[in-house]
Each structure stands twice: as structure tokens, then as C-alpha cells.
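S.K.: no sequence for this one, just the structure:
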């Protein structure tokens with residue numbers, strides 16, 4: 001995907017991916033070899049195409065409590081992607097299979113690799129959703145902002161605001177949250 005502003009000669013090269021499901025076994029078949037092949041291929045593609053932004057939108061892992069091997073595979077990928085393309089910005093958003101808190105836990109370390117993670121809806125001190133924190137600026141190779149990513153993780157009950165007039169259903173709550181966004 002290429003995003004090009006009308007007032008700029010710069011282009012923002014983005015690769016968007018999702019649903020890796022690291023750690024998944026398929027009818028008893030271990031998929032580690034497939035996952036390794038995919039991640040190796042993706043590291044090469046990110047470097048070859050000099051991608052500016054990698055957006056991973058959900059389900060990095062297959063279960064909320066992934067194995068140590070699955071987590072090592074993920075962190076090894078992040079390290080290698082950064083090593084082969086140091087200017088790469090990575091944005092990772094939690095999906096319904098991910099543990100939002102577990103995904104966010106290494107944020108202080110991953111910021112060094114220009115990696116943003118949104119697992120939980122950020123809240124203000126008053127407990128309100130901090131909508132502004134969901135906006136992640138996306139930068140080109142010259143470190144100029146070219147776009148914004150509205151990084152909304154998978155919403156669980158209690159994440160979204162209660163609707164005022166509609167029944168308090170998941171659909172109504174999610175609808176209200178997106179209207180407010």
C-alpha cells in the first residue's frame with residue numbers, strides 16, 4: 001500500500017497484516033515451521049521494499065497465554081525487522097485472541113525499536129477513554145509525519161462507553177465508541 005499526500009512528493013509505504021496466530025496448531029499439526037517461514041519472508045520484504053510502517057492489526061498470538069516459544073518467535077521477528085530496516089515503524093494492535101495486557105507489557109523496551117502497541121483502551125486519570133492516545137503518527141523515511149493511524153484494539157465488554165438511550169449491548173456500545181472516535 002502506498003499513501004501519497006497531494007502536497008508532498010513523499011510517499012508512505014505501509015504493509016498491513018493481521019491474524020498471525022503464532023503458536024497455533026491446526027488439527028494437531030504444529031505450524032511453527034510455517035510461522036518461521038512467514039516471519040523470515042516478511043523481514044526480507046520489509047527490508048527489500050524499504051517499508052516505512054508495518055501495521056499488525058490483531059491476533060499476533062493464537063491464545064491469550066502464548067507459549068514462551070511463541071513469544072520468543074514474535075520478539076525475534078521484531079528484532080530482525082528492526083535490524084534489517086532500522087527506520088521501520090511498527091504499530092501493533094491487539095485482537096480478540098491476544099492478551100491486551102501481555103501484548104503491552106514490553107512497551108518500554110519496544111519503543112527503542114520504534115514500535116507502538118495498543119492492547120487496551122487508554123484511560124485518563126478520571127477514567128474516561130483517552131481518544132487522543134489512540135492516534136499514532138506515521139512517519140516517512142525523513143521522519144516527517146505523513147498520516148495518522150487510529151489504533152483501536154479489539155473491544156471487550158467494559159471497554160466501550162455505555163450507550164445513553166439504547167440498550168446496553170455490545171453492538172450499541174461499540175457503535176457509540178466509534179461515533180465518539
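M.R.: All right, it came through fine. Bear in mind the structure is a predicted one, so any value in this text is a computation, not a measurement.
S.K.: now the element after the helix or strand residue 149 falls within, going C-ward?
M.R.: Element membership for residue 149, per DSSP states H and E: strand 145-150. Counting by DSSP H and E, the next helix or strand C-terminal to strand 145-150 is helix 170-180.
S.K.: elements contacting the strand holding residue 149?
M.R.: Secondary-structure packing of strand 145-150 (3 or more CB pairs under 8 Å, 6 or more residues apart in numbering; DSSP states H and E): strand 135-139. Where C-beta positions appear, they are placed from N, C-alpha and C, glycine not excepted.
S.K.: quick one: the strand it packs on to chain centroid distance?
M.R.: 12 Å (CA atoms, centre = their mean, to the nearest Å).
S.K.: just checking: what are the partner strands of it?
M.R.: Paired neighbours of strand 135-139 in the sheet (DSSP bridges): strand 145-150 (antiparallel).
S.K.: got the angle for the strand it pairs with vs helix 170-180?
M.R.: 150 degrees (axes from the mean of the first three to the mean of the last three CA atoms, to 10 degrees).
S.K.: quick one: strand 145-150 to chain centroid distance?
M.R.: How far strand 145-150 lies from its chain's middle: 14 Å, per CA atoms, centre = their mean.
S.K.: in it, what counts as buried?
M.R.: For strand 145-150, burial by neighbour count (16 or more other CB atoms under 10 Å) applies to 146, 149.
S.K.: for that strand, give the mean pLDDT please.
M.R.: Averaged over strand 145-150, pLDDT sits at 94.
S.K.: for the protein, which segments count as strands?
M.R.: Assigned by DSSP state E, the strands in the chain fall at 2-4, 11-17, 25-26, 29-30, 53-57, 89-93, 115-118, 135-139, 145-150.
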